[in-house]
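Participant: Requesting a structural model of the entry that follows:
(chains A and B, ligands or ions: 1)
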Amino acid sequence: MNREWAAILRSKWFPASVGITAALAIAGLLVGFVVLPLADRNEQFHSVWDAICSAAGLIQNAAREPVVQANYPTTRVELTPRMLRGASAESIGRGATLALRCTMCHGARGLSEANTPNLAGQYAVVIYKQLMDFKTGARVSAVMAPLVGDLSDQDMRDLAAYYAYLPRVPASRPAGEPPQIVASGAPLRSIAPCGACHGELASKPGAAWLEGQPFDYLRTQLQDFASGARRNDIGEQMRNVARGMTVAEIDAASRFYAGLRGPTGSQADASSKQH
Amino acid sequence: MTEPPPPPSHDEGAERIEGIERRWAMVGIGVLLVLVVVAAFAGIHQAAMPQSRVEIVDPLRLHLSGEFIDSNLGSAVEPDGSVTVRAIGQEYSFTPSCILVPRDTPITFRATSADVVHGFLIDGTDINLMLVPGYISSLRARFETLGERYMPCHEFCGTGHEGMWGRIKVVDKAVFAQMAAGAKRVSCVK
Ligand SMILES: [Cu+2]
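Facilitator: The predicted structure is shown next:
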């Protein structure tokens, strides 16, 4: 040991400064790990040890008394941001074969003529989730339910890959500005712009591409979300939107996405393009 | 030109330096003590509300099982008469979007996020939480005044953030009891 160190250790300041620092550290630990947790009126701890563990960040999930279960089927699908990406040609091919039983209503290339939703170019996640929800009964449809009963999980993935791969309806945006409810939502009524989730501005996993869907279909879905007749949206995210919409807004948004112009009745084309 | 003062002798200099060091040591210790006392005071008096217990939850599976499934969200009356409010924040709404609580009753909020970080703030109160995906935020509160308050999300959470806010309605105990009778979870969502 060199002379400098020896002098430091001999100094009367050495024990004093180390002692004071240690005392402060112990006082700080006591305050942080014992006094504050025990004084916290948000939590009741069973013991000092419990408080110390919590303050140290140990994960302790408390058992939470009975959970109220829904008395109707709810969606069982877990959506992850990257699911169903990069489908193989094989999967798309299998999907194309399976889709032969869907053409009668959804059209030969996923473009329907009637009021049945178009599937061509729809996000794979959406097709997959809706098929699962029809199967579990989370989304109620007398037409679709019997058609999905024998589809396996892989079948649904293949169908999703196939329809996502098909080209979308050629865009037929009505001229002029989109209605207010579509362009900017209604922030004062807690409604985000449709495009923040549905793909024009940003995409939320599970939110469908809406453009080109039939007017009646869109309006019915919005009405059903608003009334609660459709409740397969995770965490009520679409019900929260639709509940705040007025009848006129539901109409305007449906017309816009269906490619129709102007409010119902006020335009000459109202009857011709509507089914 | 004046003569510079003669340099201090060796002993004199050491003494002066020791005096200065002692004073600075006192200042340093004083600063530390003040900081410890301030942190303790703020913590105890709820000016700062760090959560003492860490609870985790899988944000992608909230709707599948556990206490944050849709049907379990809202206000629940506990056996001890207090009320537990469970809510989730997600892009771009709170569920339930209108929370109902009774006045003068101990309330426990338990909330989490299904996607990104959101803010949970009740205007006119000191309730201000962050909803972090993966973690459960919890807080006890008590409302003394009746009426409706807003709950804006105050963490920018994406392109629809401006539309993300909810309401909380404080109603009379009797009114709440009436609404809570029968229904297991209550809210003011219409
Ligand atoms: Cu938010």
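Participant: so who does residue 179 touch?
Facilitator: With no chain named, the answer covers chain A. The neighbourhood of residue A:179, defined by Cβ atoms under 8 Å, 6 or more residues apart in numbering or on different chains, consists of A:249, A:252-253, A:255-256. The C-beta positions use only the backbone N, C-alpha and C, and glycine is treated the same way.
Participant: ah, I was thinking of chain B
Facilitator: Taking Cβ under 8 Å, 6+ apart as the criterion, residue B:179 is in contact with B:100, B:171, B:186.
Participant: Count the neighbours of the first one for me.
Facilitator: When neighbours are defined as other Cβ atoms under 10 Å in any protein chain shown, residue B:100 has 22 of them.
Participant: which one is it nearest to, not counting chain neighbours?
Facilitator: Of all residues beyond its chain neighbours, the one nearest residue B:100 is residue B:188 (4.4 Å), with distances taken as Cβ to Cβ, 6 or more residues apart in numbering or on different chains.
Participant: The one you found - that's part of a strand, no?
Facilitator: No - Residue B:188: not assigned to a strand; according to DSSP: H, G, I helix; E, B strand; the rest coil it is coil.
Participant: Just confirm yes or no for the single longest helix found in chain B near chain A.
Facilitator: When every helix of chain B is counted residue by residue (DSSP state H), the longest turns out to be helix B:10-44. Yes - remark: helix B:10-44 sits within contact range of chain A at B:25, B:29, B:32-33, B:36, B:39-40, B:43-44, by Cβ under 8 Å from any Cβ of the partner chain.
Participant: one step back: as JSON lines, the contacts of residue B:179 with pLDDT and distance to residue A:66 would be great.
Facilitator: Formatted as JSON lines, the contacts of residue B:179 follow (pLDDT from 0 to 100; distance: Cβ to Cβ, whole Å):
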{"residue": "B:100", "pLDDT": "96", "distance to residue A:66": "20"}
{"residue": "B:171", "pLDDT": "96", "distance to residue A:66": "25"}
{"residue": "B:186", "pLDDT": "92", "distance to residue A:66": "16"}
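Participant: and of those residues, the nearest to chain A?
Facilitator: Relative to chain A, the closest of the contacts of residue B:179 is residue B:186; by Cβ to the nearest Cβ it sits at 10.9 Å.
Participant: what does the domain assignment say about chain B?
Facilitator: Taking automatic domain parsing as the domain assignment, the record places the domains of chain B at B:10-50, B:59-181.
Participant: now, of these, which is deepest in the fold?
Facilitator: Neighbour counts averaged per stretch over the domains of chain B are highest for domain B:59-181, at a mean of 19; criterion: mean count of other Cβ atoms under 10 Å in any protein chain shown.
Participant: so which helix or strand takes in residue B:148?
Facilitator: Under the assignment given by DSSP states H and E, the secondary-structure element containing residue B:148 is strand B:147-152.
Participant: touching the ion at all, the next helix or strand after that strand?
Facilitator: Counting by DSSP H and E, the next helix or strand C-terminal to strand B:147-152 is strand B:165-171. No - when contact is scored as Cβ under 5 Å from the ion, no part of strand B:165-171 falls within range of the ion; the minimum is 8.7 Å.
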